[in-house]
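**Student:** okay, here's the prediction I keep looking at, along with the sequence it came from:
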Amino acid sequence: MSSRPVVAPVTSSTDVFRQDVFKGKVVFCTGGGSGICKSMTEAMMRHGANAAIVGRNLEKLTQSAHELSRVTGQRCIPTQADVRQPQQLKDAVATTMATFGRIDFVICGAAGNFLASIDGMSENAFKTVIEIDTMGTFNTVKATLPHVRASHGSYIHVSATLHYKGTPYQVHVSAAKAGVDALSAVLAVEEGPRGVRSNVIAPGPIGNTEGLSRLSNQLSGRRNNFPLGRVGHLNDIANATVFLFCDAAVVHYRPDTSRRWGYRTPQNDRVTLSTICA
């Protein structure tokens, strides 16, 4: 028998989920102009949702919105906002409501990152990441919550795996994402009785992303630590997104916490997509 590890396949969400499962629904995504969050938005649109993507660079957003609409056949609008500015987010929500009349799903994904030691990081640099990641998530929830309540919708917060154990040069992001995890847990408990769910997806190393390109040297000697035989793929995140937003994810039965692929409580599930990296 061969001892060669089996490499987990990369599967498209359209191979698993019904393509119209989100027909008539609307997703509001911060950070949706590029990277992981753009992929998450595309997955939702491929299953029938319309979308509003949020970011600071309107030109980039507009280009991404046109591309998402073209490849999915659904409607996507660019809504310019800095998540650190509550009024700008409220304006983006108002534009979304005026266009689509509803918000069912929210992806809180705006984030900032760079490599820096504690000793080498300025107080302002640390504060900036906290403001984008943690405060930006809070501001997004505040701006969208009345509409998500009305639709009995759901939140997904894009976290990370860095704070589950100490990660050098990532103190700012570790602190910020720990706050995001805590915010999601409280949101789930407070809003669960109103029919609103809140979940966290915490990606590990994901291929073809800016984050992985920055960490390529650190990961070069750790390939044997990937239980699934590969780094993550954007489709892995997309599949988790579609699952957590669909009705199949309304109730989970394992209240324990796993740092590989975990379910925390019936109302707040942390799906940790470092499944491929120990």
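**Tutor:** It's in. Numbering: from 1, shown residues only.

**Student:** in the stretch 101-250 of the chain, which spans are strands?
**Tutor:** If you assign secondary structure with DSSP state E, counting those that start in this stretch, the strands in the stretch 101-250 of the chain sit at 105-108, 154-158, 197-203.

**Student:** mean neighbour count, mean pLDDT and distance to Val27 added to those strands, as JSON lines?
**Tutor:** In this view, the C-beta of every residue, glycine as well, is placed from N, C-alpha and C. JSON lines is the format used below for the strands of the stretch 101-250 of the chain (neighbours: other C-beta atoms under 10 Å; pLDDT from 0 to 100; distance: least, C-beta to C-beta, whole Å):
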{"stretch": "strand 105-108", "mean neighbour count": "29", "mean pLDDT": "98", "distance to Val27": "4"}
{"stretch": "strand 154-158", "mean neighbour count": "26", "mean pLDDT": "96", "distance to Val27": "9"}
{"stretch": "strand 197-203", "mean neighbour count": "25", "mean pLDDT": "91", "distance to Val27": "14"}
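
**Student:** those strands: which one's closest to Pro146?
**Tutor:** Each of these has some distance to Pro146 by C-beta to C-beta; the shortest is strand 105-108, at 11.8 Å.

**Student:** tell me the strands beside that closest one, with direction?
**Tutor:** With DSSP bridges as the test, strand 105-108 is paired with strand 26-30 (parallel), strand 154-158 (parallel).

**Student:** nearest to Gln19, of the ones you listed?
**Tutor:** Once those are compared by C-beta to C-beta, strand 26-30 is nearest, at 15.4 Å.

**Student:** off-centre distance for the helix or strand following that closest one?
**Tutor:** Downstream of strand 26-30, the next assigned helix or strand under DSSP states H and E is helix 35-46. Averaging C-alpha positions (C-alpha atoms, centre = their mean, to the nearest Å) puts helix 35-46 9 Å from its chain's average.

**Student:** ok, the following helix or strand past helix 35-46: who's next to it in the sheet?
**Tutor:** Going down the chain from helix 35-46, the next helix or strand is strand 50-55, by DSSP H and E. Partner strands and pairing direction for strand 50-55 (DSSP bridges) are strand 26-30 (parallel), strand 76-80 (parallel).

**Student:** now distance to Gly31 too, for the strands of the stretch 101-250 of the chain, in a markdown table please.
**Tutor:** Output for the strands of the stretch 101-250 of the chain, formatted as a markdown table (distance: least, C-beta to C-beta, whole Å):
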| stretch | distance to Gly31 |
| --- | --- |
| strand 105-108 | 8 |
| strand 154-158 | 7 |
| strand 197-203 | 13 |
